[in-house]
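>>> Any chance you could fold what I've pasted below:
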Amino acid sequence: MARLALLLGWVVALGGGVAAAAPVARPVAMEEAVAWAVGRNLGVALATEAVEVATAAGVEAAATFDPSLSARVGFDHSEMPVASELFGTTREAVDLRLGLTRRFALGTESSLTLTGDRQRDNFPFSTRNPRFDAGLVVEIAQPLLRGAGTAVNLTPMRLARVASAEEAVRLRAAMEEVVLATETGYWHLVEAGERLKVARSSLELARSLAENVGERVRVGGLPPFEQLAAEAEVALRDEAVAEAEQGLADGQDHLLEVTGVGTAEAESWALRPVPMELPEIEAEEPDLARALDRALAHRTDLALARLARAARGLEAARADNLRLPDLALTGRAGVGGLTGEGQVEELAGQLGRRDFPSYGAGLALTYPLGNRAGVAAAAAAHSRHRQADLALRQAEVAVVAAVRAASRDLATSARRIAATAKAVSARTAVVEAEGEKFRQAIATAHEVLAAQRDLTEARERQVAARTRYLLAVARWWDAQGMLLERHHLQVAVGADVASPE
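Purely as a prediction, here's the structure:
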């Protein structure tokens with residue numbers, strides 16, 4: 001978690017510098033965009049705070065077993081009317097009490113109490129005036145049935161640990177979501193840039209043909225309407241370039257939005273990220289068996305389902321214990337002492353020698369007849385546990401289906417890359433052939449323009465196929481629950497939270 005905090009702080013500082021930069025286009029790599037998103041996304045920030053809250057709640061639950069120290073000192077003066085001189089009228093007392101209590105995981109509650117009193121009165125028969133008395137008492141209460149054992153007494157602490165682990169998993173899920181959104185936005189921006197290149201290339205082909213047609217019209221080789229048709233095609237392709245430029249600007253704004261660089265301040269949108277060029281792709285055969293093993297081990301939805309099942313199991317065990325009768329064993333042992341003024345050593349000696357011991361023990365039983373509330377609570381707790389187990393099994397089936405679908409999407413995208421590459425190669429040859437035929441006055445300008453349009457469409461489909469493959473790769477890693485590892489990001493998640501020691 002410390003590594004994550006350092007990474008987030010570094011990225012926030014970097015993103016702030018980007019937002020303040022002058023309006024300028026600058027290259028942005030994928031990993032840089034991901035770092036911006038992880039560091040600036042508000043959902044990730046909220047999930048990080050939730051982890052801190054859950055961690056504090058766990059400490060609070062564990063504090064139940066911390067010892068507690070108490071102290072009290074008091075003074076009392078009383079004057080009483082009497083009907084006989086055999087009774088005193090005035091009494092003064094100063095008392096001191098120190099106590100230490102602690103609760104243990106077995107349910108044991110213990111206390112150690114030290115008391116001391118100094119009393120002065122005017123009773124005629126008081127043999128020691130003032131007098132000092134002291135006592136040291138140990139008391140223990142141990143549940144024998146309900147509330148006994150670690151299964152019930154450690155449940156709040158274990159549930160708090162499960163809740164803390166759940167928040168850590170949710171933090172990982174939030175990071176996975178923003179990383180996937182960033183990678184998706186980045187590749188769509190790359191696609192927009194490539195589409196703009198295709199549109200401009202198509203426009204140049206149309207302009208070149210229009211110039212050639214214009215020369216032939218001027219020398220009388222072609223009728224004037226051929227030049228009008230060629231110029232109309234140039235205008236249409238110029239429109240396509242304008243749309244592609246808008247698509248690129250939209251993609252840049254979307255990436256700024258997803259990464260959190262773009263804010264409510266207008267100057268934060270000044271950056272025009274220029275992504276990398278669409279890379280050459282060497283498709284690989286997905287390893288479905290390995291991917292399924294990874295997904296079942298790393299998917300956050302499965303982790304949350306397992307933690308929920310663990311929590312419901314703890315609650316069911318506690319509910320079973322609360323069905324039992326409340327039977328408690330109590331015990332007390334202590335020593336006391338009494339001396340006159342100035343005899344503190346004698347008082348301490350009496351306590352040390354245990355001159356005046358006291359002790360006692362007892363059993364207390366409470367059981368509601370029928371105990372319908374306890375039986376109903378246990379039945380409901382076990383039903384929720386079974387529901388959590390069914391939900392986990394359902395989630396596992398959904399994960400397997402998602403990984404298989406991602407595998408098929410990856411394979412289909414790879415086939416599309418090969419098919420569109422062949423189509424582009426073939427359409428390029430047709431354009432060259434039609435151009436040569438046009439130069440020899442065998443083909444018309446209309447046929448050349450049609451071939452160019454087919455080539456442009458093939459190139460656009462090739463760009464779309466390559467982009468889809470890159471998106472399929474991102475979804476493939478996400479389906480396995482390994483998207484953060486792909487980008488070298490880590491979130492610490494508690495492991496043995498279901499049964500802590």
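
>>> which residues touch the residue nearest to His487 when sequence neighbours are not counted?
Nearest residue to His487, sequence neighbours excluded (C-beta to C-beta, 6 or more residues apart in numbering): Val34, at 5.2 Å. No exception for glycine: its C-beta is placed from N, CA and C like everyone else's. Contact analysis of Val34 by C-beta atoms under 8 Å, 6 or more residues apart in numbering lists Val179, Thr182, Glu183, His487, Leu489.

>>> please redo it, this time with the cut-off set to 10 Å
With contacts taken as C-beta atoms under 10 Å, 6 or more residues apart in numbering, Val34 has the following neighbours: 11, 175, 178-180, 182-183, 186, 259, 483-484, 486-489.

>>> Got a quick PyMOL command for the buried subset of those?
Selection of buried members from the contacts of Val34 for PyMOL, criterion 16 or more other C-beta atoms under 10 Å:
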select buried, resi 11+175+178+179+180+182+183+186+259+483+484+486+487+489
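
>>> Run through the strands of the stretch 351-500 of the chain in chain order.
Read by DSSP state E, counting those that start in this stretch, the stretch 351-500 of the chain holds these strands, from start to end of the chain: 356-366.

>>> Point out where it drops to low pLDDT.
By pLDDT under 70, the weakly predicted segments of the stretch 351-500 of the chain are 492-500.

>>> distance of the residue nearest the centre of the chain from Arg393?
In the chain, the centroid-proximal residue (C-alpha atoms, centre = their mean) is Leu171; its distance is 1.6 Å. With distances defined as C-beta to C-beta, to the nearest Å, the gap from Leu171 to Arg393 amounts to 25 Å.

>>> can you map out the helices along the stretch 351-500 of the chain?
Taking DSSP state H, counting those that start in this stretch to define them, one finds helices in the stretch 351-500 of the chain at 372-439, 445-480, 483-486.

>>> and the nearest residue to the residue nearest to the centre of the chain once chain neighbours are set aside, how many residues sit next to it?
Closest residue to Leu171 in three dimensions, ignoring its sequence neighbours and counting by C-beta to C-beta, 6+ apart: Ala47, at 4.1 Å. Neighbour count for Ala47, taken as other C-beta atoms under 10 Å: 22.

>>> just to revisit the earlier point, what's the closest of the helices of the stretch 351-500 of the chain to Arg354?
When the helices of the stretch 351-500 of the chain are ranked by proximity to Arg354, the top entry is helix 372-439, at 43.3 Å, counting by C-beta to C-beta.

>>> Pick the one among the contacts of Val34 closest to Asp121.
Taking C-beta to C-beta as the measure, Met175 is the one of those closest to Asp121, at 74.0 Å.

>>> Model confidence score at that closest one, please.
In the prediction, the pLDDT value recorded for Met175 is 94.

>>> again, but for Asp133
The score at Asp133 is 85. That number is its pLDDT.

>>> which residues touch it?
Asp133 is in contact with 95, 115-119, 336-339, 347, 350, 356, counting by C-beta under 10 Å, 6+ apart.

>>> before we move on, back to that, buried stuff in the helix or strand where the residue nearest to Leu171 lies?
Assigned by DSSP states H and E, Ala47 falls within helix 42-62. Of the residues in helix 42-62, those buried by neighbour count under the rule 16+ other C-beta under 10 Å are Val44, Ala45, Ala47, Thr48, Ala50, Val51, Ala54, Thr55, Ala57, Gly58, Ala61.

>>> Contacts only, for the last one.
Spelled out, it's Ala61. Ala61 makes contacts with Leu154, Thr155, Pro156, Met157, Arg158, Leu159, Ala160, Arg161, Ala163, Ser164, as judged by C-beta under 10 Å, 6+ apart.

>>> ranking those residues by neighbours, who comes first?
The most neighbours of any of the contacts of Ala61, using other C-beta under 10 Å, belong to Arg161, which has 27 neighbours.

>>> ok but that one is inside a helix, no?
Yes - according to DSSP: H, G, I helix; E, B strand; the rest coil, the state of Arg161 is that of a helix.

>>> can I assume it is in contact with Ala54?
Yes - when contacts are counted by C-beta atoms under 10 Å, Arg161 is listed as touching Ala54 (9.0 Å).

>>> tell me the SS of the residue nearest to the centre of the chain?
Leu171 falls in the helix class when you classify it by three-state DSSP.

>>> Was I right to think it contacts Leu304?
No - at 11.6 Å, Leu171 and Leu304 do not qualify as touching, with contact defined as C-beta under 10 Å.
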